[in-house]
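Asker: Below is the structure, and that's it, no one-letter string:
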């Protein structure tokens, strides 16, 4: 298959063509040439004037709910949403049924995902059934292709398990992904504790639930001299803790979610269950600190925390609603809308280069001879995500119907194109 | 005068004028209730469903009586809890109510925001009869009515709310209402039962010392300690609660002035209130119950739009 992308702007800090507007010729999944004006007989020509291309975006934390909860999402539906959102690679959490906690589960995912338009990387569970009690067969899963390890939506509570897991992954220079949430403190909290929760009469969870676990995990990572990735941090104090630990040379990286850069706890005034998240939406001050972290480089990457929930678990009383929001299709648009001052190159670092470096995945730099794994996007296009256009099985997005600026137009990956141009 | 709202979901959404209208209308209905014939035809042809997802005796009876005094047609729906895992969902209930074409829904639910959910999905007027730990607006109104009746005004009146503030929808509705109407409010209880952000959230004061609080206030609204919360680590024992935050005759006698004692009921005698306080002349607990009917008549009447 031959594809000729005409006149797109290359956004790739790892490429010598970075910032240049050029034609890209792809033959059988390989970038054959990049030049001012290329022509090729028989090639499918894509007019990409005004559009940008970058190395494929990579999400480090999504729930595809397959196997076990296929009514929420499947590998196929999740992959379609990811491709539409510009993601070529997605790491999926092990909170399936059965959990991805052994070789056979990892192999199931890899086999089932082999033909899908995006590369799906299973995250192996740190503990059996992701319950936080006994270590799972991490080496075996690693051998079968688990890219990193986490208990996903279940933060590891036991300090003993946590430190042992951090030590255990060292032989293969693994990374442990933790969603920081101390479940001892106000386990029934439904939103961030603060003035808003007090006025809304909702049981709340204080920010220290997140910060305490981060404090502990940073100490454990330093003790174990291992690699820790904190996914979806939400408070100003959390980011401060991470910066302080880095000064002491702790090997820690962090991500934030688009939702936490966009919404705050005050958006819960109408008890919108699509905004019921864990970790919860925080204060305006916290959001500001996270936005600053995007600009100053202290945040390493974006994680969508794409968590599909079906209507039966969202069209209910706030208290009974499940936590989570889908996010793959809107991730880039939300980021670009909420922080228009951020250069596109920085988004590409946060969405592509940095997560790949953390995971040890090669960066498919846009250079001649390299594999074509590309995201095509428009930073200017204005659009809204209609419920009908949601490709996930679940429609739990608080972004649908919101005007957004910047749109992913799809991907070229694994010698397949998934583009809406 | 017209209300600014179609529903009564909480005092939070009401204006000062709404509150005054409710209270003034309640005063008229209270007068009706003193007559030999206590029934008025105001809500004839209006169908009201009392939807109680949580146990309630006095609130349900009070609403039923108010509805009957107004000549409304009423149906009762009692369910024990609602969730996806336990039987019918709230959305299914909503659709059932829609099919029954009722005009008003009085709803008590254990989950915060449940009446707001209902209000988004059905055209009937919704009266919140208590949602989770959020609000109990008719209790707030009847407490305010009772204070106004006893003291003469809400503006400038010093009201102490004592006990489990954290889990009390009565406290929430009282704080919203009293601060809107110019009363001064202090909440008092063990720190584990007082929300951390309450001062900023409501513009009230916090005092953990019961005696100081009682010496300051004109009215003490004493909340019920919910015995089912005993398994949480909120206080050590009922005995210790009574010793440190229970109101005794001796404590009242040591105060500089006679204060008014209120309680939303049902009372745990010997826990938050000693019997010789609950039954004393300073207590207006039974007047609160009586006023509850008049206030609920006013709420139902005004929300029915029959006054136009």
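Answerer: Noted; the coordinates are in hand. Computed from a predicted structure; not experimentally measured.

Asker: ranges for the helices of the stretch 101-250 of chain A?
Answerer: With DSSP state H, counting those that start in this stretch as the criterion, the stretch 101-250 of chain A has helices at A:103-113, A:138-144, A:159-168, A:195-200, A:208-224, A:236-247.

Asker: So which of those is nearest chain B?
Answerer: helix A:195-200 (3.7 Å; Cβ to the nearest Cβ). In short, each C-beta sits where N, CA and C put it, glycine included.

Asker: Run through who's touching that closest one.
Answerer: If you take Cβ atoms under 8 Å, 6 or more residues apart in numbering or on different chains as the criterion, helix A:195-200 is touched by A:190-191, A:203-204, A:265-266, A:268-269, A:271, B:12, B:112-113, B:134, B:195-198, B:200-202.

Asker: and among the helices of the stretch 101-250 of chain A, the most buried is which?
Answerer: Counting by mean count of other Cβ atoms under 10 Å in any protein chain shown, helix A:195-200 has the highest mean neighbour count of these, with a mean of 23.

Asker: Output the set of residues of chain B in proximity to chain A.
Answerer: Contact residues, chain B versus chain A (Cβ under 8 Å from any Cβ of the partner chain): B:12, B:82-84, B:89-91, B:109-114, B:116-117, B:131-135, B:169, B:172, B:195-198, B:200-202.

Asker: give me that answer again for 6 Å
Answerer: B:83-84, B:90-91, B:111-114, B:116-117, B:133-134, B:172, B:195, B:197-198, B:200-201 (Cβ under 6 Å from any Cβ of the partner chain).

Asker: returning to what we had before: mark which of the contacts of helix A:195-200 are buried, thanks.
Answerer: A:190-191, A:203-204, A:265, A:268, A:271, B:12, B:112-113, B:134, B:195-198, B:201-202 (16 or more other Cβ atoms under 10 Å in any protein chain shown).

Asker: mean confidence score for stretch A:359-375?
Answerer: The average pLDDT for stretch A:359-375 rounds to 97.

Asker: Over to stretch A:259-269?
Answerer: pLDDT averaged over stretch A:259-269 gives 98.

Asker: need the helices of the stretch 101-250 of chain A in JSON lines with mean pLDDT, can you?
Answerer: Shown next, in JSON lines, are those (pLDDT from 0 to 100):
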{"stretch": "helix A:103-113", "mean pLDDT": "97"}
{"stretch": "helix A:138-144", "mean pLDDT": "98"}
{"stretch": "helix A:159-168", "mean pLDDT": "98"}
{"stretch": "helix A:195-200", "mean pLDDT": "97"}
{"stretch": "helix A:208-224", "mean pLDDT": "98"}
{"stretch": "helix A:236-247", "mean pLDDT": "98"}
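
Asker: ok, which stretches of chain B are strands?
Answerer: B:47-52, B:73-78, B:104-109, B:125-131, B:158-162, B:184-188, B:205-206, B:219-222, B:260-262 (DSSP state E).

Asker: got the contact list for the residue in the stretch 101-250 of chain B that chain A sits nearest to?
Answerer: The nearest approach of the stretch 101-250 of chain B to chain A comes at residue B:134, 2.7 Å away (Cβ to the nearest Cβ). Shown in contact with residue B:134 (Cβ atoms under 6 Å, 6 or more residues apart in numbering or on different chains): A:201, B:112, B:169.

Asker: quick one, helices of the stretch 101-250 of chain B?
Answerer: So, for the stretch 101-250 of chain B - with DSSP H, counting those that start in this stretch - the helices run B:114-121, B:137-151, B:169-180, B:198-202, B:210-216, B:238-245, B:249-253.

Asker: Poorly predicted segments of chain B, please.
Answerer: B:80-87, B:228-231, B:306-308 (pLDDT under 70).

Asker: 90 - rerun?
Answerer: B:1-2, B:53-58, B:76-101, B:121-123, B:226-237, B:305-308 (pLDDT under 90).

Asker: which residues sit against stretch A:168-186?
Answerer: Contact with stretch A:168-186 is made by A:138, A:142, A:148-150, A:155, A:157, A:165-166, A:205, A:209-210, A:212-214, A:217, A:226-231, A:279, as judged by Cβ under 6 Å, 6+ apart.

Asker: Quick one: distance of stretch A:234-246 to the chain centre.
Answerer: 19 Å (Cα atoms, centre = their mean, to the nearest Å).

Asker: Residue A:415: how many residues sit nearby?
Answerer: 15 (other Cβ atoms under 10 Å in any protein chain shown).

Asker: Isn't it up against residue A:31?
Answerer: No - in this structure, residue A:415 is not within contact of residue A:31 by Cβ atoms under 6 Å, at 11.8 Å.

Asker: just checking, what packs against the helix or strand containing residue A:24?
Answerer: Here residue A:24, judged by DSSP states H and E, is contained in strand A:21-27. Contacts defined by 3 or more Cβ pairs under 6 Å, 6 or more residues apart in numbering or on different chains; DSSP states H and E place strand A:21-27 against strand A:2-10, strand A:30-35.

Asker: tell me the mean pLDDT over the longest one?
Answerer: Model confidence over strand A:2-10, given as mean pLDDT, is 97.

Asker: in that strand, what counts as buried?
Answerer: A:3-10.
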